[in-house]
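Student: quick one, what's the 3D model for this:
(chains A, B and C)
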Amino acid sequence: MKKSAGAKGIAVILAAAMAATMLTGCRFGFASDPDDPNEEVKEVPIDTSIDTFVYDSSLQGTKITLLNSKAEIQVALEKMSQAFEEKSGVHVEVMPVTDGDSPYTKVVSMYNSGTPPTMAILDTTDVIALAEEKAADLTGEDWNAEAEEYLTEVNGKIYSFPLCIEGRGIIYNKAVIEEALGREFDPESIRSLDEFEELLETLKEAGIEKPVSLAKEDWSLGAHHLQYIYETYDGTSEGAQGIIDEIKNGKLKLDTYGRLGEFLDMFDVLKAYNVAKGDPLGADYDEMAIDLADGKTAFWFNGNWAWPNLAEAGAEEEDDYGFLPYFLNNDTDDFANQKIQASPSKQVMVDGQMSSEKEQAAAKEFLNWIVFSEIGQQMLVKTCNVIPPFINNPYEPADPLSRDIYEKVQSGGTFNASAIVPNDHWAVLLSAMQKYLAERSDREELTESIIEYWAEQK
Amino acid sequence: MKQTSIGGNKRKAANILATTGLVIIFLAYMFPFVMVVINSLKQKRDIIKSPFSWLYTIKGLSFDNFVKAFTQMDFLNAFKNSLIVTVSATLLVTLLAAMLAYYIVRHNNMISKITFALMVASMIIPFQAIMIPLVSIYGGTLNVLNHRLTLIFMHTGFSMAMSVFMFHGFIKGSVPIALEEAAYIDGCTRRQTFFKIVFPLLKPIISTMVILNALAFWNDFLLPSLVLTDKKLLTLPLSTYSFYGTYSADYGTIMAGLLLCVVPILILYIILQRQIISGVVAGAVK
Amino acid sequence: MRNKNKGKDFCMFALPGMFCFFAVVIIPFVYGVYLTLTDWNGVAKVKNFIGLENFKGVMKDGQFWTSLGLTFKYVILVVLLVNVIAFLLAYLLTRGIKGQNFFRAGFFTPNLIGGIVLGYIWQFVFSRVFVNVGEATGWKLFGVSWLSDPTKAFVALVAVSVWQLSGYMILIYVAGFMGLSEDVMEAASIDGASGWVKMKSIIMPLMMSSVTICLFLTLSRAFMVYDVNLSLTAGAPYGTTEMAAMHVYEKAFTSRQFGVGQAEAFILFIIVACISGIQVYLTKKKEVEA
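Tutor: Below you'll find the predicted structure:
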């Protein structure tokens, strides 16, 4: 067995080399320059000295689970659950939905395995699909009153807790625009599609050839762009629902629906000034953040969740980034040209089918703790870095994108319309949108695809 | 292995040509792996802007990604979990599949035929199609999820078909029945014959199957994600979850994490490669 | 033969393996087939028997049949390329070339990279490296990202699959060549059999069992392609590279038509089972026992 001894030798050497790499790696890491811009974002201190929240001592020792589908706050949620456990004695195990799984698939498989999560963070459409079958009724919970505008009702009942507000629109980099224009830039001064196009043209003349970044991803094209046609009907969720119903039952012919044409007018403008115009489907998402931060572009159609990407690309919290509306026409009185779409995108559902009374009570306490305890309020905003939908939360988000949305929410500069479309809406219509973006189809064909999609939904 | 024969020069030229071709193809195969190694040392911005360069990185090379991956993955614990699952399942499936395949080759009866046909057919079942039924049965009805043993059992079951298929082909092609008959005449039992005569002859295919199965178990994501939810039990691929965001991924850390995960498999491969050769040498002595 | 030992043999050699296999694969599969006959949506508490309703849904799903047609095209290309490349490389790697162990380790590396990293790296190659080459040389072929053109995206998908699968098949072919005894090879060269003749008349018949296995594995894996499809193109551009397995998954979980998705998976299974059954039958016939 001489051969295997030799092999063992190699294995030992390799293992040792690996260990050595790791060890030196450690030293490297800890000795690194504290001013390194790439260091992890500094931890925001949480003040735990004041806590007036009343904990239910009978729940101590309860163990519950939270399924998290918002991967970027996984670590933050773990910290929150730790803080909550210290105070309440309730252990919240935060489980991630991992890459390659959709949240819905994960929840379905967990229900089938007989161990559903006590709480699950899901998209609104998923909550609606599961609510009446699985979820606990949360109507009348104390926090209802703090987030009235952002509650989702299913047949008059509330089954989910709005975790955060997310807004989207045309992100601008103010410094870049001002440098190109050579004068102050006031985002408020742009009030219509024509004015926006004019600005783009001026930027082009000033040297920024193609000032817009457009993502080719499914969630951007298929959902965030296209759903404006429903959301801008009158800027409310009810209005959006109404128009979807009318399209579905054939009362409304899409080819005569004004918002669709207007949406395409705006989309055409964005398309014309797209930095990746030559190959729009070859555009790289991460590169868009870098382009915007570097000033190669001035606009990026995206939402406040894009901040971590911009920060990685070199943007600082002091920089001036913000949102312009998705201009639909030249009517300066149209709300769509004044307001930003912002709505609760992630919802927490509590299992009402298989969890015990005590587990449900512990879950409800956790949700109330997020809303009413000083610690929970701080952690939601500072640790998770999200925009809270609760009016009693006094903390403000730190990054410029969230701050802009936050301020607009406070001053009435947003509209909250969640269009509840079938779950495969974005996936199916993505193809049609990509084709249109790549100029392989025209308006008629795109409209036809949308009509066809809805015809199949009966 | 002497290659000198008539027309040696022609031979040599052909050999050089083959080697050159091989090197070029080799580089194409290695390229993505090299990319992973290079980029695991870089910051995300550099990865996106200039993924190829060693030198022109703005922010320099560092092992920071490895440190981050190591700590965020809880590497040692996840490593232990992966090791237990992979080693147990690999041993189990290798032994059981070799025996089952041997039975099927040497007993040409109905059970053999049906089992073998089912196994061949089952390799075509898309995993996604039995995912939900699987968790309903093992979780909803039997309630045995969230144990390492369940995962080991399932890994064994899922890889059984392919392993049997491979052993079957090898035993049929390379294990002469005459040897076994000689052993029976010498008074060996079935079991002795199998473990003393047949099993050692299977070395090359065992090495191959150990690598393929261990690789599949070690890297598998979907099955463990269905079976394990307890954090203390998570395997290596599951523990890299926090590097993937909804809208973007932390590429530097992902690549560093990937390398940390695959090094053990590479070591295993290098060890077993020797085994494949020594297996052939042993076979030549017979 | 040794009849009295038959039962004992069966229990010891066959039963444990069969138990694992049946418990984990066959029973869930049968249950899954049953689910195609119900209206269960994955979450509801009740399952109603609806007969073949879901299969009618499959007939109406035009996209499924389109994706299946595309999958056929893909499978043919992948199976041929993978096996030719892997067979030749494995042959070269067992002929005593200098540093062959090192080479073999290198050809093994595609197996080590999966999931999102694989997609990312290759996306990068096709949409950036190629475009850079295109800019430098002016070749139209590399003008825009391969992934934004339907035909080229398909070619890219085939190329990456071949890259990954052949790394796996090389391993099996190498084991096969190693299993051939040196005497066979030496006898072949002493007799003066050279090159092609040697390959065709001596090596090929003895390698048939490896060929059977590899053909079968590539065939089934190519039909089931999902990971590479998802991470490289995700169906883009505009849904032109969506393969059958990906469509099935989308149908069941994105479109929330669990029963129809499950039924499509079943139909896909039947088709692949027939094709690979024929393949195994044909190639097994050519195998010789040692």
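
Student: tell me the domain boundaries of chain A?
Tutor: Domain ranges of chain A: A:57-166+A:344-406, A:169-342+A:418-455, per automatic domain parsing.

Student: and the shortest one, average pLDDT?
Tutor: Per-residue pLDDT values across domain A:57-166+A:344-406 average out to 90.

Student: helix, strand, or coil at the closest residue to C:Y249 other than its chain neighbours?
Tutor: Leaving aside its chain neighbours, C:Y249 sits nearest to B:Q128 (5.1 Å; criterion: Cβ to Cβ, 6 or more residues apart in numbering or on different chains). Yep, even glycine has a C-beta here, placed from its N, CA and C like the rest. On the three-state scheme (DSSP: H, G, I helix; E, B strand; the rest coil), B:Q128 is labelled helix.

Student: let me see the contact set for B:Q128.
Tutor: By Cβ atoms under 8 Å, 6 or more residues apart in numbering or on different chains, the contact set of B:Q128 is C:226, C:245, C:248-249, C:252, C:265.

Student: hmm, try it at 7 Å
Tutor: Shown in contact with B:Q128 (Cβ atoms under 7 Å, 6 or more residues apart in numbering or on different chains): C:248-249, C:265.

Student: what is the nearest of those residues to chain A?
Tutor: Closest approach to chain A among these (Cβ to the nearest Cβ): C:Y249, at 8.7 Å.

Student: quick check: the closest one is in a strand.
Tutor: No. Counting by three-state DSSP, C:Y249 is not part of a strand but helix.

Student: gap between the residue nearest to C:Y249 and C:K284?
Tutor: 29 Å (Cβ to Cβ, to the nearest Å).

Student: can you check C:T36 too?
Tutor: 31 Å.

Student: neighbour count winner among those two?
Tutor: The neighbour comparison of C:T36 against C:K284 (other Cβ atoms under 10 Å in any protein chain shown) goes to C:T36, with 24 against 14.

Student: now the strands for the stretch 151-300 of chain A?
Tutor: For the stretch 151-300 of chain A, strands defined by DSSP state E, counting those that start in this stretch occupy the ranges A:153-154, A:157-158, A:160-173, A:212-213, A:299-303.

Student: closest one to chain B among those?
Tutor: For the strands of the stretch 151-300 of chain A, proximity to chain B was assessed by Cβ to the nearest Cβ; strand A:299-303 is nearest, at 8.5 Å.

Student: may I see the buried residues of that closest one?
Tutor: Neighbour-count burial for strand A:299-303 flags A:299-303 (criterion: 16 or more other Cβ atoms under 10 Å in any protein chain shown).

Student: got these as TSV, with distance to C:F142 and pLDDT columns?
Tutor: Below are the buried residues of strand A:299-303 laid out as TSV (distance: Cβ to Cβ, whole Å; pLDDT from 0 to 100):
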residue	distance to C:F142	pLDDT
A:F299	29	96
A:W300	27	96
A:F301	28	96
A:N302	29	94
A:G303	34	93
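
Student: low pLDDT regions in chain C?
Tutor: C:1-5, C:115-116, C:181-195, C:288-290 (pLDDT under 70).

Student: export the domains of chain A as TSV, with columns for distance to chain B.
Tutor: Formatted as TSV, these follow (distance: least, Cβ to the nearest Cβ, whole Å):
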stretch	distance to chain B
domain A:57-166+A:344-406	3
domain A:169-342+A:418-455	5
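
Student: nearest to chain C, out of these?
Tutor: domain A:169-342+A:418-455 (2.9 Å).

Student: so what's the gap between the closest one and the chain middle?
Tutor: Centroid separation between domain A:169-342+A:418-455 and its chain, computed with Cα atoms, centre = their mean, to the nearest Å, is 15 Å.

Student: how about the residues of the stretch 1-150 of chain B near chain C?
Tutor: B:1, B:5, B:18-19, B:22, B:25-26, B:29-30, B:32-33, B:35-36, B:51, B:96-97, B:99-100, B:102-103, B:115, B:118-126, B:128-130, B:132-134, B:137 (Cβ under 7 Å from any Cβ of the partner chain).

Student: going through those, which ones are buried?
Tutor: Members of the residues of the stretch 1-150 of chain B next to chain C classed as buried by 16+ other Cβ under 10 Å are B:19, B:22, B:25-26, B:29-30, B:32-33, B:35-36, B:51, B:96-97, B:99-100, B:102-103, B:115, B:118-126, B:128-130, B:132-134, B:137.

Student: that's all I had, so thanks and see you.
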